[in-house]
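1. Attaching a predicted model along with its sequence, questions to come.
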Amino acid sequence: MVCHAGAMLQARQLGKELYVGVHSDEDILANKGPTVMRLDERICAVDACKWSTEAVPDSPYVTEPLWMDKYGCKYVVHGDDITTDANGNDCYQEVKDIGRFVVVKRTPNISTTDLVGRMLLLSKTHHYRKLIGEGDIESHPLLSRDNIIRFQQYATDSTGLAPGSGVYVFNGTNVTKLVAPKDDLSANVANVNYVDGGFDLFHPGHVEALHEIKKRYPTTPLIVGIHDDATINSVKGLNYPIMNMLERSLCVLQCKYVDGVVLGAPYEPTIEFISILKDQLNINVVKLFHGPTPIRNHAYDKLKDLLEEIGPHAYDEMNTEFIVRRVLDNRNAYEERQRKKGWKSELELKLQQEEKSNMS
């Protein structure tokens, strides 16, 4: 989702509305390989992106001007790479030829292909080190200059041009403001709802849980605590999380139901953590939400007056392990997808070089 959100952000910044075409499972299978997420799941994710006006299902894999006209779209926007169909032809050649193609910069984000590779190889090299007890937090690689810029970009409002969500960092004893929200929550004491988690492979299960909270309390800001990589790995083992903390945080930030994130939030909220939010940021937690996972060791006993269960929703059976099992159960098909992607990448790079040569 991070790579697609980066493109949607840039596309939204160019106009007043953004219609996002989502290909069918069948078209993706024929031109690229098997999907990890079903069409309805991908539509759910796109609809939840704050920069998307509307998701358009079953959009043609090769973009057609008549399809664009149907939705009143003057231009189609794509990254500065080339995408080819099953026959090796540029999917956007027709709209390029008639001047209705706009290029945005391809951001350095994780792709579906990379994520599938991590699942199959069980690699952990993408993890960030702990946020707590690992030296000066200002020098932490998660908070590099380039990453802070990305946090600022993903924290923008629905136009992609103005401040939107807040970004905060917790180091175990203090919480600092990395990106100020549009209506600075720390200006006055603000009552907020709070939910935390890993949000790995940000999926419809996460989206619908956040949506459910917003439906119940539409005017109350929702702050999301995000656990660091080391914390999640200590609980889940193997190579979890599949997405690192930067990737997971950006996924949460692009969601229109979220008003702020706390990086490095404790695995289970405590009275001390809730007090720190209030004392240092004027953020007063009035509701703590918890999903379908079991509550460990009576963790919420001292906070039970704030606790509220999210309850059932359309995708409550889905979690990160559910998606990983999908990939592993279809390992041969996804490995073939990886090989096919490698072949197509070479062809697409060649076409891109030829296109640049013709333009010079």
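-> Here it is on my side, so go on.

2. CA atoms for contacts and neighbours, from now on please.
-> OK.

3. Distance of Ile82 relative to Cys91?
-> Here Ile82 is placed at a distance of 8 Å from Cys91 (CA to CA, to the nearest Å).

4. Would you map the helices across the stretch 101-250 of the chain?
-> 112-121, 145-154, 204-216, 229-236, 245-253 (DSSP state H, counting those that start in this stretch).

5. how about the strands in the protein?
-> Per DSSP state E, the chain carries strands over the ranges 19-22, 54-57, 76-79, 101-104, 166-170, 175-179, 190-197, 222-226, 260-263, 283-290, 307-309.

6. Mean pLDDT and distance to Met119 for the ones you listed - can I get that in a markdown table?
-> Formatted as a markdown table, those follow (pLDDT from 0 to 100; distance: least, CA to CA, whole Å):
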| stretch | mean pLDDT | distance to Met119 |
| --- | --- | --- |
| strand 19-22 | 96 | 24 |
| strand 54-57 | 97 | 27 |
| strand 76-79 | 91 | 26 |
| strand 101-104 | 93 | 29 |
| strand 166-170 | 96 | 28 |
| strand 175-179 | 94 | 31 |
| strand 190-197 | 95 | 20 |
| strand 222-226 | 97 | 21 |
| strand 260-263 | 98 | 24 |
| strand 283-290 | 95 | 27 |
| strand 307-309 | 93 | 30 |
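
7. can those strands go into CSV with extra columns for distance to Gly205 and mean neighbour count?
-> Listed next are these as CSV, based on distance: least, CA to CA, whole Å; neighbours: other CA atoms under 10 Å:
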stretch, distance to Gly205, mean neighbour count
strand 19-22, 19, 20
strand 54-57, 18, 16
strand 76-79, 28, 20
strand 101-104, 30, 16
strand 166-170, 23, 23
strand 175-179, 27, 18
strand 190-197, 12, 20
strand 222-226, 15, 25
strand 260-263, 18, 25
strand 283-290, 13, 20
strand 307-309, 15, 14
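
8. CSV for those strands, including distance to Thr63?
-> As requested, these are exported to CSV (distance: least, CA to CA, whole Å):
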stretch, distance to Thr63
strand 19-22, 9
strand 54-57, 13
strand 76-79, 8
strand 101-104, 10
strand 166-170, 36
strand 175-179, 37
strand 190-197, 38
strand 222-226, 37
strand 260-263, 36
strand 283-290, 42
strand 307-309, 43
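
9. what sits against Lys50?
-> By CA atoms under 8 Å, 6 or more residues apart in numbering, the contact set of Lys50 is 157-158, 254-256.

10. ugh, wrong one, I meant Gly21
-> Per CA under 8 Å, 6+ apart, neighbours of Gly21: 55-59.
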